[in-house]
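K.L.:
model the structure of this input:
(one chain, ligands or ions: 1)
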Amino acid sequence: MKNLTNKRVLLGVSGSISAYKAPDIVRRLQDLGADVRVILTTGGSKFITELALQSISKNKVHHNLWDQEAELSMGHIELSKWADCILIAPASANTISNIASGKASDLLSSVILASDAILMLAPAMNQQMYKSSALQDNLARLESRGVSVITPDSGSQACGDIGPGRLPESANIANQVANQFQTTQLTGQHVMVTLGATLEAIDPVRFISNHSSGKMGMALVNTCIDMGAQVTCVYGDINIPLNDRANNIETLSAEKMHTCVMQQIHQQDIFIACAAVCDYSVKTPSNQKIKKNGENLILELTPNKDILADVCKLEKKPLCIGFAAETQNTLKNAQLKLKNKGCEAIILNDVSNAEIGFNSDENQVIFISKKQQKNIAKNSKAKIAKNILKIFIKEFL
Ligand SMILES: Cc1cc2nc3c(=O)[nH]c(=O)nc-3n(C[C@H](O)[C@H](O)[C@H](O)COP(=O)(O)O)c2cc1C
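P.N.:
As a prediction, the model looks like this:
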């Protein structure tokens, strides 16, 4: 598994001579699995073309705060929310000064002010400029606000000087971005996540199932791993890549998923029930393909065991998060589920909205516990997963 998979990196390219290396940085970030978009400053456009960056990133390059069309397709606020990480490489002395003083005078500085994404800078400039007290003061100010500054390489420079200020190798920059996503908040914790839809056989070729894609659960698996947890991923029917850093177990039917979870739950500290487990299965599936004969066919359905409820009933139960996919009376149903199942938190998902929920890349949920009810605004499933875990860790760990 590449460690920037599903991560969205917004690369700011500013006016340094080393901006010609920016397409290579895009490539190295993509090699690690990142989805990359680029903002090119006016200074940056003197050293590298928009076309080169667009061709490599495979996305339109953003450059103008006042572009009406761009605002309509993906405005600067949307761009700020889109990014998991904003990397400025190369970062010119001028751009660093703008950010340090909180300016919003161009697209890049405005997006940064409006974003809560990880912010990283790779300063690249003449060695004297780099050593100047003005620049060093700006870098110190930014670092004190949690910005990560990538130390420049030292050596011979484009201007003929020798000293610090060279842009590091692109692969090195990409690796430093990947390192930002590794945290230790769940180090030492064993987390089990169930995800995807279960398939309930009617006969050897037909089944009953639902629309769950497993994307939300997989985002939780990836985030727990990034936070240092040892993750067991119990998955049903999915069509998305697995994370090979998890212990992955396929369990297609509700019954198999129940058995697998109950066998392994004693080793878990946290259980996240994100799978869309069918409530019913066919009582007696046919061993042979059922032939059509023009008559009505009646299938007798029998209720499946409730995995989350059974885990919550255990004497030594892990901390549990359940998901409630609802289409009506959403809040009331989710609160009832929290109470009836006895889990720590319920994540309410309004699946009647086609823009979010099943199979979509985005989601919008409400975190519900006995103590709080928090809206998590519409965003990528990766960001939603991060926010769910942040709130959960703060309340329960
Ligand atoms: C040939 C040339 C090379 C430059 N190289 C750098 C550089 O490596 N680093 C830097 O901080 N500024 C450099 N500058 C100055 C910036 O391009 C200038 O401050 C510009 O306003 C930066 O704009 P921006 O920060 O909006 O991209 C260079 C200028 C020229 C003319």
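K.L.:
so what does Leu72 have for phi and psi?
P.N.:
Torsion angles at Leu72 (phi, psi; degrees, to the nearest 10) stand at phi -70, psi -40.
K.L.:
what is the burial count for it?
P.N.:
8 (other Cβ atoms under 10 Å). Using the backbone N, CA and C atoms, a C-beta is placed for each residue, glycine as well.
K.L.:
quick one: it and Leu53, what's the gap?
P.N.:
Using Cβ to Cβ, to the nearest Å, one gets 21 Å for the distance from Leu72 to Leu53.
K.L.:
which parts of the protein sit against the ligand?
P.N.:
14-18, 41-44, 92-95, 124-125 (Cβ under 6 Å from any ligand atom).
K.L.:
okay, and which of those residues map to helices?
P.N.:
By the criterion of DSSP state H, membership of the residues of the chain next to the ligand in helices covers Ala93, Asn94, Thr95.
K.L.:
run a quick neighbour tally on the second one.
P.N.:
Residues lying near Asn94 (other Cβ under 10 Å) number 14.
K.L.:
before we move on, what about the last one?
P.N.:
Other residues lying near Thr95 total 26 when counted by other Cβ under 10 Å.
K.L.:
ok so, going back, closest one to Asp24 out of the residues of the chain next to the ligand, please.
P.N.:
Here the nearest of the residues of the chain next to the ligand to Asp24, counting by Cβ to Cβ, is Ser18; it sits at 10.5 Å.
K.L.:
am I right that that closest one is in contact with Gly165?
P.N.:
No - the pair formed by Ser18 and Gly165 falls short of the contact definition of Cβ atoms under 8 Å, at 9.2 Å.
K.L.:
common neighbours of the two, please.
P.N.:
Common neighbours of Ser18 and Gly165, counting by Cβ atoms under 8 Å, 6 or more residues apart in numbering, are Ala124.
K.L.:
out of these two, which sits in the more crowded spot?
P.N.:
Under the neighbour definition other Cβ under 10 Å, Ser18 and Gly165 were set side by side, and Gly165 has more, 27 against 23.
K.L.:
what's the helix or strand for that one?
P.N.:
If you go by DSSP states H and E, Gly165 is part of strand 162-166.
K.L.:
what are the pairing partners of that strand, and which direction each?
P.N.:
Strand 162-166 pairs in its sheet with strand 153-156 (antiparallel), by DSSP bridges.
K.L.:
packing partners for the one helix or strand Ile86 maps to?
P.N.:
Using DSSP H and E, the element containing Ile86 is strand 85-91. In this structure, strand 85-91 makes packing contacts with strand 8-13, helix 22-31, helix 107-113, strand 118-123, helix 170-180, judged by 3 or more Cβ pairs under 8 Å, 6 or more residues apart in numbering; DSSP states H and E.
K.L.:
and the strand holding Gly165, average pLDDT?
P.N.:
The predicted model assigns strand 162-166 a mean pLDDT of 96.
K.L.:
in that strand, what's buried?
P.N.:
Applying a neighbour-count criterion of 16 or more other Cβ atoms under 10 Å, one finds Pro164, Gly165, Arg166 buried in strand 162-166.
K.L.:
am I right that the second one is in contact with Leu135?
P.N.:
No - counting by Cβ under 8 Å, no contact exists between Gly165 and Leu135, whose distance comes to 9.6 Å.
K.L.:
shared neighbours, the two?
P.N.:
By Cβ under 8 Å, 6+ apart, the residues touching both Gly165 and Leu135 are Pro123, Met125, Met129.
K.L.:
the first one touches Ser97, doesn't it?
P.N.:
No - using Cβ under 8 Å, Pro123 is not in contact with Ser97; the gap is 11.0 Å.
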